[in-house]
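Trainee: no sequence on hand, only this structure:
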């Protein structure tokens, strides 16, 4: 839980710098990469990077025409797992196993007996032997047919060395031909039939612990696959055929990027389209594979051309400027609060301190536990949140003042004002949170960092108002300084238009009553009545006693 723990959040690419990876398309002879394939690869790599918990990464294409490449810029120093996740094409295939390990595992078909040739059959008219026509190779009937193994393929299999699998380019092998490859630890070599189910038919993939029929966990990690309708039908046909076979032909190989990651035996036909891949998985490796399968295979393979360190595009100076801008804004808020609310501003300051501490803690925890990195856009979101946070306090304080103007006591005003303010606060923060969510979903890059920090601060703002600011006001309402309506308290009834008359009750002054009556009479007058009153020099209340 406390792995990579630290006191400060990690910084993004624009503030800290990082590593730039240049990926070159790995194409078969005569193959060309299209712009559509590159765009699809960029989208898939971005999803993989986000799933790995690496935030604020920049992924783009470089070059023109057939020389285009993909540049992945990651903050900090990426680990080996992240590099493998980016480079791996995740090309998943399901192939039937024809042979495994040694050529002796393949059962050759029994030779057929032929009758002795007769004189007429054996010689021509000149007495010479007639040449027998070569027997054609049988045509395979399905992907498990041993007729796929020709003499040439058998000879290649016998001499195949798993240490040369990278040079063999098994990850770009044709789908309609048999394949010689090895498992992921190069301990077993296989002859596999053509592809029968491809990774494009996978609609979802998750990882989890294998459970028994009673629901008990076996402690073994697995990858759970969900096929679409096409994949479900294809996989059902394959497993139905394989259960009738024996030996290695009963197995089907799960091939990822040209290597066999698992070759399970077929115990039953899987017709629901939900197979499970088991093997020597750990929690991390099962999640790694599930993420790759879930986000899809890259349309083409890539190889790492270069890896270089890049400097911060903005640097520490811009970060210091952003923090300075936030401090200036915070200072202005404090000055305004004291000017408007006198000693009541202490509640605002204390609430801001609590909100700031919670926000910093959440950002730091997200950084070392979930891989979040703070960018300059994220800093801007935190600065904007200062104004949003203070809005809640202003709404609450003004509701309390309204209640005091109506003649309530301070304790009653705090409770009644809270009920009225809470509805307004929820409505306003709901709109802010919805805006942050929509922006986070639709945006990419650093703009998502702005939306994330904005959304986090909105939630923290509501929590602080509910669990700190309101209880703080309940406490202060019982103190002599605030309950007596001290002029410096910010809740002076006389300054608000009412005077305190004891026993937590208020009444309006004669001046405030007359002023209020005049305003009400003025509101009820028509325009013609007002003009007539002005011309006659009479009061705007129509000459009536107020």
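Mentor: Arrived safely, thanks for sending. Keep in mind that what you see is a predicted model, and the values were worked out from it rather than measured.

Trainee: now residue 327: how far from residue 85?
Mentor: To residue 85, residue 327 is 39 Å away according to Cβ to Cβ, to the nearest Å. For the C-beta atoms, the positions are set from N, CA and C on the backbone; glycine is no exception.

Trainee: same thing with residue 300?
Mentor: Distance from residue 300 to residue 85, counting by Cβ to Cβ: 17 Å.

Trainee: swap in residue 200?
Mentor: Applying Cβ to Cβ to residue 200 and residue 85 gives a distance of 19 Å.

Trainee: neighbour count winner among residue 327 and residue 85?
Mentor: residue 85 (20 against 12; other Cβ atoms under 10 Å).

Trainee: so what's that one up against?
Mentor: 48-49, 52, 288, 291-292 (Cβ atoms under 8 Å, 6 or more residues apart in numbering).

Trainee: residue 360 now?
Mentor: So residue 360 contacts nothing (Cβ under 8 Å, 6+ apart).

Trainee: ok, residue 165 next?
Mentor: With Cβ under 8 Å, 6+ apart, residue 165 has these contacts: 181-182, 186, 258-259.

Trainee: could I get the residues you listed as a markdown table with pLDDT, distance to residue 24 and neighbour count?
Mentor: Shown next, in a markdown table, are the contacts of residue 165 (pLDDT from 0 to 100; distance: Cβ to Cβ, whole Å; neighbours: other Cβ atoms under 10 Å):
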| residue | pLDDT | distance to residue 24 | neighbour count |
| --- | --- | --- | --- |
| 181 | 90 | 23 | 22 |
| 182 | 90 | 25 | 22 |
| 186 | 81 | 25 | 13 |
| 258 | 84 | 18 | 20 |
| 259 | 86 | 21 | 20 |
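
Trainee: in JSON lines: those, plus distance to residue 376.
Mentor: Converted to JSON lines, the contacts of residue 165 look like this (distance: Cβ to Cβ, whole Å):
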{"residue": "181", "distance to residue 376": "47"}
{"residue": "182", "distance to residue 376": "48"}
{"residue": "186", "distance to residue 376": "46"}
{"residue": "258", "distance to residue 376": "42"}
{"residue": "259", "distance to residue 376": "42"}
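
Trainee: restricted to helices, list the residues you listed.
Mentor: Secondary structure of the contacts of residue 165 is defined by DSSP state H; no position falls in helices.

Trainee: and those residues, which two are the farthest apart?
Mentor: 186 and 258 (12.3 Å; Cβ to Cβ).

Trainee: which residues outside stretch 237-255 are in contact with it?
Mentor: With Cβ under 8 Å, 6+ apart as the test, stretch 237-255 has contacts from 92-100, 105, 107, 142-144, 146, 179, 181, 190, 192, 196-197, 260-271, 277.

Trainee: now the buried members of the residues you listed.
Mentor: Buried by 16 or more other Cβ atoms under 10 Å: 92-100, 143-144, 146, 179, 181, 190, 192, 196-197, 260-264, 266, 269-270, 277, out of the contacts of stretch 237-255.

Trainee: residues near residue 407, how many?
Mentor: Neighbourhood size, residue 407 [other Cβ under 10 Å]: 16.

Trainee: what is the least confident helix or strand in the chain?
Mentor: Ranked by mean pLDDT, DSSP states H and E, the weakest helix or strand in the chain is helix 119-122, scoring a mean of 41.

Trainee: of the contacts of stretch 237-255, which belong to strands?
Mentor: The strands, defined by DSSP state E, take in 92-100, 179, 181, 190, 192, 196-197, 260-262, 277 from those.

Trainee: for the closest residue in space to residue 73 that isn't next to it in sequence, phi and psi?
Mentor: Among residues not flanking residue 73 along the chain, residue 58 sits closest, at 4.2 Å (Cβ to Cβ, 6 or more residues apart in numbering). For residue 58, the backbone dihedrals (degrees, to the nearest 10) come out as phi -120, psi 130.

Trainee: low-scoring stretches of the stretch 201-350 of the chain, by residue?
Mentor: Counting by pLDDT under 70, the stretch 201-350 of the chain has low-confidence residues at 296-297, 313-316.

Trainee: all strands for it, in order.
Mentor: In the stretch 201-350 of the chain, the strands defined using DSSP state E, counting those that start in this stretch lie at 202-211, 217-227, 252-256, 259-262, 276-278, 301-310.

Trainee: for the ones you listed, give me a markdown table that also has distance to residue 363.
Mentor: Listed next are those as a markdown table, based on distance: least, Cβ to Cβ, whole Å:
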| stretch | distance to residue 363 |
| --- | --- |
| strand 202-211 | 28 |
| strand 217-227 | 31 |
| strand 252-256 | 37 |
| strand 259-262 | 38 |
| strand 276-278 | 37 |
| strand 301-310 | 24 |
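
Trainee: closest one to residue 17 among those strands?
Mentor: Comparing the strands of the stretch 201-350 of the chain by Cβ to Cβ, strand 301-310 comes nearest, at 5.6 Å.

Trainee: list the buried residues for the closest one?
Mentor: Across strand 301-310, burial judged by 16+ other Cβ under 10 Å covers 301-302.

Trainee: outside of it, which residues touch it?
Mentor: 13, 17-27, 41, 69-70, 73, 83, 87, 89, 91, 171-172, 257.

Trainee: can you rerun that using 7 Å?
Mentor: By Cβ atoms under 7 Å, 6 or more residues apart in numbering, the residues outside strand 301-310 that reach it are 17-26, 69-70, 73, 87, 89, 171-172.

Trainee: start to end distance for stretch 259-279?
Mentor: 14 Å (Cα to Cα, to the nearest Å).

Trainee: over to stretch 236-248?
Mentor: One end of stretch 236-248 sits 19 Å from the other (Cα to Cα).

Trainee: tell me the buried residues in that stretch?
Mentor: Quick answer for stretch 236-248 (16+ other Cβ under 10 Å): 236, 238-239, 241-242, 248.

Trainee: the residues you listed in helices, which ones?
Mentor: Short answer: those in helices (DSSP H) are 236, 238-239, 241-242.

Trainee: quick one: distance of stretch 261-268 to the chain centre.
Mentor: Offset of stretch 261-268 from its chain centre (Cα atoms, centre = their mean, to the nearest Å): 32 Å.

Trainee: ok, now how distant is residue 385 from residue 222?
Mentor: With distances taken as Cβ to Cβ, residue 385 is found 43 Å from residue 222.

Trainee: could you do residue 230 as well?
Mentor: From residue 230 to residue 222 the distance is 23 Å (Cβ to Cβ).
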